[in-house]
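Novice: sharing a sequence plus its predicted fold:
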Amino acid sequence: MPLSPNPYAALKEASQYVRLFRGKTFVVKVGGEVLAEPKLRKALCEQLALLWSFSIRVVVVHGGGAELDAVCEAMHIPVQKVAGRRVTSPEVLDAAKMVFAGQVHMDLLAELQAAGVPAVGLTGLDAGLVKATRRPPVSVVPDGATEPQLVDYGLVGDIEAVDPGVLSHLLEGGFLPVVAPLSGGEDGAIYNTNADTIAASLAVALKAEKLFFLLSVPGLLKDVSRPSSLIPHATLAELAGYEAKGVVSGGMRPKATAVKAALAGGVPSAHLVSGVAPDALLAEVFTNEGSGTMLVPGLPEAAPAPAGVQP
């Protein structure tokens, strides 16, 4: 949060957002690259604890791609990704169960507990939270290519339905749910499902006020090699333009897809925010300037709204 000559100015500014968002639901998706570093994980949980202490209802969805890559490498399991999405063989799925519902999950829950937050860990299989079917082969244009190719993503689940009942019960009880990106089929199958996609689906189902993606970069960048090229605000039409220009690539592609799904589903805004910069999430929520990229369905004729308040 920016420093001010008046020590109470920032507090006064933040208070308007506390009143605005008290009792509202935020869905926060955290990437594995943020959770893998203990100091970053601790700092994130302290920010989440502050949101929770202001009676903002927070649901966390986590990834763990970096840890899964490391486990696969240690177990000599091939790693393949196309257009930012992982191809999941039976061996990769077994590793994903260990990482997503084990190491990453437990470390995050323990850190939230240390921050004073009553967190509860779940997967998409708990109480039928995320029901999915196996993704059929799909036509995809890989990064850097111009022609589509048919890709079989393996044991990846496409979400068929979301039942947020268990999350609603936990939120009403004052708990902070933490969801690992595994989903279940009606036949008892278990699928690896992209955490960005799950976060967007939960945000729609919970009628969330905001959806956040915490990244290793400041937000959506015009040039990935220059953090200073941050795009602070964009509409869906502008996002489509950036996609057409190739600005959106790699792991940002599934996030862009998730953003579009969430906004189309009624979530007022989605935010791409650094999980590395100190207190970036709090700055995005509680200041006019924000810290990352705010994405909205469209804008009225007036000037763009500040990062913390919806148009």
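Specialist: Thanks, I have it.
Novice: so where do the helices sit in this structure?
Specialist: Secondary structure of the chain (DSSP state H): helices at 9-21, 32-35, 38-53, 65-74, 90-98, 104-114, 165-172, 195-205, 236-244, 252-264, 280-286.
Novice: which one of these lies closest to Arg134?
Specialist: helix 90-98 (11.1 Å; C-beta to C-beta). Where C-beta positions appear, they are placed from N, C-alpha and C, glycine not excepted.
Novice: coming back round to it: nearest approach to Ser216 belongs to which of the helices of the chain?
Specialist: The closest of the helices of the chain to Ser216 is helix 32-35. By C-beta to C-beta, the value is 4.6 Å.
Novice: one step back: and the helices of the chain, which is most packed in?
Specialist: Mean neighbour count (mean count of other C-beta atoms under 10 Å) peaks for helix 195-205 among those, with a mean of 27.
Novice: give the contact list for Lys222.
Specialist: Contacts for Lys222 (C-beta atoms under 8 Å, 6 or more residues apart in numbering) come out as 229, 231, 242, 247.
Novice: tell me how far it lies from Gly246.
Specialist: For Lys222, the distance to Gly246 (C-beta to C-beta, to the nearest Å) stands at 11 Å.
Novice: can you check Phe213 too?
Specialist: Separation of Phe213 from Gly246 (C-beta to C-beta): 20 Å.
Novice: quick one, which of these two is more surrounded?
Specialist: Neighbours were tallied for Phe213 and for Gly246 using other C-beta atoms under 10 Å; the higher tally belongs to Phe213 (31 against 9).
Novice: show me the beta-bridge partners of the more buried one.
Specialist: Each beta-bridge partner of Phe213 is listed here: Lys29, Leu272, as defined by DSSP bridges.
Novice: that one contacts Asp196, doesn't it?
Specialist: Yes - when contacts are counted by C-beta atoms under 8 Å, Phe213 is listed as touching Asp196 (6.7 Å).
Novice: which neighbours do the two share?
Specialist: Between them, Phe213 and Asp196 share these contacting residues under C-beta under 8 Å, 6+ apart: 29, 255, 258.
Novice: which among those residues gets closest to Val61?
Specialist: Closest to Val61 out of these is Lys29 (4.6 Å), distances taken as C-beta to C-beta.
Novice: just put the helices of the chain in a markdown table and tack on mean pLDDT.
Specialist: As requested, these are exported to a markdown table (pLDDT from 0 to 100):
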| stretch | mean pLDDT |
| --- | --- |
| helix 9-21 | 85 |
| helix 32-35 | 87 |
| helix 38-53 | 96 |
| helix 65-74 | 92 |
| helix 90-98 | 95 |
| helix 104-114 | 96 |
| helix 165-172 | 97 |
| helix 195-205 | 97 |
| helix 236-244 | 92 |
| helix 252-264 | 93 |
| helix 280-286 | 95 |
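Novice: need the ones you listed in a markdown table with distance to Leu125, can you?
Specialist: Written out in a markdown table, the entries for those read as follows (distance: least, C-beta to C-beta, whole Å):
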| stretch | distance to Leu125 |
| --- | --- |
| helix 9-21 | 30 |
| helix 32-35 | 20 |
| helix 38-53 | 23 |
| helix 65-74 | 18 |
| helix 90-98 | 10 |
| helix 104-114 | 13 |
| helix 165-172 | 11 |
| helix 195-205 | 12 |
| helix 236-244 | 32 |
| helix 252-264 | 20 |
| helix 280-286 | 28 |
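Novice: which one of those lies closest to Tyr153?
Specialist: Among the helices of the chain, helix 90-98 sits nearest to Tyr153 (C-beta to C-beta), with 10.4 Å.
Novice: quick one: contacts of the closest one?
Specialist: Residues outside helix 90-98 that contact it (C-beta under 8 Å, 6+ apart): 68, 71-72, 75, 77, 79, 86, 88, 154-155, 182, 190-192.
Novice: buried ones among those?
Specialist: Using 16 or more other C-beta atoms under 10 Å as the burial test, the contacts of helix 90-98 include 68, 71-72, 77, 79, 86, 88, 154-155, 182, 190-192 as buried.
Novice: between the residues you listed, which is nearest Ala49?
Specialist: The shortest approach to Ala49 among the buried ones among the contacts of helix 90-98 belongs to Leu182, at 25.6 Å (C-beta to C-beta).
Novice: what count of nearby residues applies to the closest residue to that closest one other than its chain neighbours?
Specialist: Across the structure, with C-beta to C-beta, 6 or more residues apart in numbering as the measure, the residue nearest Leu182 apart from its sequence neighbours is Thr123 (4.4 Å). Thr123: 21 surrounding residues under other C-beta under 10 Å.
Novice: show me the contacts of helix 90-98 that map onto strands.
Specialist: Among those, the members falling in strands (DSSP state E) are 86, 182, 190-192.
Novice: could you dump these to TSV with distance to Leu272 and pLDDT?
Specialist: Rendered in TSV, the data for the ones in strands among the contacts of helix 90-98 read as follows (distance: C-beta to C-beta, whole Å; pLDDT from 0 to 100):
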residue	distance to Leu272	pLDDT
Arg86	20	91
Leu182	24	97
Ile190	29	97
Tyr191	26	97
Asn192	23	96
